[in-house]
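Participant: how does the following fold in three dimensions:
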Amino acid sequence: MEIDQLLYRLATALGIGLLIGLERGWKTRAAAPGTRAAGFRTFAQCGLLGGLAAALAQAMGSAVAAGLVLGLSFAAYAAVFAVFERDAARAAGGYSATTIIAGLLTFLLGAYAVIGDARASAAAAVVAAGILASRAQIHSWVAGMTWPELRSVLVLLAMSFIVLPILPASNVGPSGGVNLREVWLIAIVLAAVSFLGYGAVKYFGARSGVLLSALAGALVSSTAVALTSAHRAAAHEGEPLLLAAGVAMASAVSFLRVIAIVAVIKPELLALIAPVLAAPTLLATLYAVHAVYWRGAVSSETPRPSQFANPFAFWPVFGFAVFLGAVIVLGRVIGDAFGAQGALFGAAGLGLADVDAVTIALSRLVPVPLEGFAASLGILAAVASNMLSKLAMAIFIGRGRFAVELSVVTVGCWIAGMAALWGVIALAPP
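Facilitator: Here you go, the predicted model:
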C-alpha cells in the first residue's frame, strides 16, 4: 500500500475513534476526572490502534501471520478494555455493556478502515454513533411499543433481509415473465407504507398523520397508499373523507412522478404528457385541500390511533404481491399478442399494478419501435388504468363513503385529463 493511501486510511481510523469518542465523552461529561475508563481521547486512540494493528498485520509476509497479529492484538485490546470498564462500572454502581461494545466496535472499524473499505467503515461509525446518541429515544420508543407493532417490525425486517435476497433477480414466466424480486420489493413498499401511515397517525394525529404518510408513501407507490387507505376505511380506523384526501394527494404526487421520469428519460414526450397530467394533478390537490381544511375531514368520530388494530397484515400484502405478478404477466402477454400496435393495451394492463415501470419502458422505446405519440398515449393509458385499480380497491375493499369520495376524485381526474388531451391534440395535432 502506498504511503499516502495508508495515511488516508489511518486518518479515517482516527476519525472513527473521534466520532464515537465524542458521543461517549458527551454522555459522561459531568463525571469527575479519573472516574471514567474511556472518553473522547481514549476512543480516538482506540480507533487509531485498530488501524495500526491492521496496518502491521498487512505488512506481514503471509496470511497466517497477518491473521495472528490482528487476532492477538484485538484479543489483548478487548481484555484490557473490558477490565477497565468493569472496574469503572463497579465504582459507579452501574451495569451496562454499551461502552465495552462501543470500544470493541471502534477498534474493529479502525482496523477495517485500513484493510477493507474505508467508506463503509466510516459509514458504519456514523450509524453506531447515531445509535449510541439515541439511547433515550430508542428506550422510550421500545417502552411504548405494542406487540402488534413489534410483530409488524419483525415481519417487515424478515421480508426485507431474509426473503428478498434469496429471490431470483431474473424474469420468470411466459412473455418475458415477471421479476419476482421487483414484485416482492413492491410488497415490502406496501407493508412499509402501511406501517408508516400507522406510525404517522399515532405520533402526529389523524389529519397530519394521514396526509404525511400519503405524501411519503406516494414517492414510492401511490397504489400502496390506496390499498392501505382502503383497508383502514374498511376497518373504521380513520374518517373516510380524510383517507380519500390522502389517496388524492398520493395520486397527485404519482402524476408529478410520471412527469419527472419522462423529463429525465425522454423530454420530447412532455409536450403531450405534461399538460394532460397537470390538469388531474391540480384537481386532486384541490380536492385534498378542500376535504381537509374546508369540509372538516377530521370529526369526533375519528378513532384514536391507539384503537388501530395492526400496523399491517402480512397475508393481504402477500396477496397483493401475487396479484401484481399476475397483472404484469397478463399485460406482457397482451402486448406480445398484438405486437407494437398492442402497446396501448399492454400499457393499460401493466398500469393496473405499476405506472413507473410502464413509463420507463415506453420512454425507452421512442423513436424505434414506437413513435412519440403512441408512447405518450401508452403512458397516459397506464396512468388512467392505475387510477381504475385504486378505484376498484376503494369499491371492493374500502366501500361506503370512502368509495364514493374516491369515485368523485377518479372521475374528475379522468374528465380533466381527457379535456386536456383533447385541447392539446386540437391545438397541435400529432
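
Participant: show me the domain layout of the chain.
Facilitator: 3-141, 145-427 (automatic domain parsing).

Participant: go through stretch 45-58 and flag the buried ones.
Facilitator: Using 16 or more other C-beta atoms under 10 Å as the burial criterion, the residues of stretch 45-58 that qualify are 45-55, 57-58. C-beta: built from backbone N, CA, C; applies to glycine.

Participant: let me see the mean pLDDT of the helix or strand hosting Leu362.
Facilitator: Using DSSP states H and E, Leu362 sits in helix 355-364. Helix 355-364 carries an average pLDDT of 75.

Participant: one more: stretch 236-251?
Facilitator: Per-residue confidence for stretch 236-251 averages out to 85 on the pLDDT scale.

Participant: from Leu72, how far out is Thr98?
Facilitator: Distance, Thr98 to Leu72, by C-beta to C-beta, to the nearest Å: 26 Å.

Participant: show me what the helix holding Leu362 is packed up against.
Facilitator: Applying 3 or more C-beta pairs under 8 Å, 6 or more residues apart in numbering; DSSP states H and E, one finds that helix 355-364 makes contact with helix 240-265, helix 343-351, helix 372-393.

Participant: including distance to Ala125 and mean neighbour count, could these go into CSV?
Facilitator: Supplementary listing: those in CSV, determined by distance: least, C-beta to C-beta, whole Å; neighbours: other C-beta atoms under 10 Å:
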stretch, distance to Ala125, mean neighbour count
helix 240-265, 34, 24
helix 343-351, 43, 24
helix 372-393, 43, 23
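
Participant: could you identify which of these has the lowest mean pLDDT?
Facilitator: Least confidently modelled of the helices and strands packed on helix 355-364 is helix 343-351, at a mean of 70 by mean pLDDT.

Participant: what are the buried residues along the helix holding Leu362?
Facilitator: Buried positions in helix 355-364, judged by neighbour count with 16+ other C-beta under 10 Å: Val355, Asp356, Ala357, Val358, Thr359, Ile360, Ala361, Leu362, Ser363.

Participant: with stretch 90-103 instead?
Facilitator: With burial defined by 16+ other C-beta under 10 Å, the residues of stretch 90-103 counted as buried are Thr99, Ile100, Ala102, Gly103.

Participant: for Ala66, state which of those is nearest.
Facilitator: Checking these against Ala66 by C-beta to C-beta gives Gly103 as the nearest, at 22.8 Å.

Participant: give me the distance between that closest one and Gly67.
Facilitator: Distance from Gly103 to Gly67, by C-beta to C-beta: 22 Å.

Participant: list the buried residues of the longest helix seen in the chain.
Facilitator: If you go by DSSP state H, the chain has its longest helix at helix 63-92. Residues of helix 63-92 classed as buried by neighbour count (16+ other C-beta under 10 Å): Ala66, Val69, Leu70, Ser73, Phe74, Tyr77, Phe81, Phe84, Glu85, Ala88, Ala89.

Participant: kindly report the same for stretch 412-421.
Facilitator: Gly412, Cys413, Trp414, Ala416, Gly417, Ala420, Leu421.

Participant: now the strand or helix carrying the second one, how far from the centre of its chain.
Facilitator: It stands for Cys413. Remark: Cys413 resides in helix 400-427, with elements defined by DSSP H and E. Its chain's average C-alpha position is 30 Å from that of helix 400-427, according to C-alpha atoms, centre = their mean, to the nearest Å.

Participant: which strands and helices lie in contact with that helix?
Facilitator: For helix 400-427, the elements it packs on are helix 222-234, helix 240-265, helix 270-293, helix 372-393, judged by 3+ C-beta pairs under 8 Å, 6+ apart.

Participant: nearest to Ala143, of these?
Facilitator: Comparing those by their distance to Ala143 (C-beta to C-beta), the top pick is helix 222-234, with 26.0 Å.

Participant: so Gly61: helix, strand or coil?
Facilitator: Following DSSP: H, G, I helix; E, B strand; the rest coil, Gly61 is assigned to coil.

Participant: what number of residues lie near it?
Facilitator: The burial count assigned to Gly61 is 7, neighbours taken as other C-beta atoms under 10 Å.

Participant: so Pro240 makes contact with Ala234?
Facilitator: No. Taking C-beta atoms under 8 Å as the contact criterion, Pro240 and Ala234 are not neighbours in contact, 9.9 Å apart.

Participant: picking up where we left off before, ok, so of the buried residues of helix 355-364, who is nearest Glu149?
Facilitator: Ranking these by separation from Glu149, with C-beta to C-beta as the measure, puts Asp356 on top at 29.8 Å.
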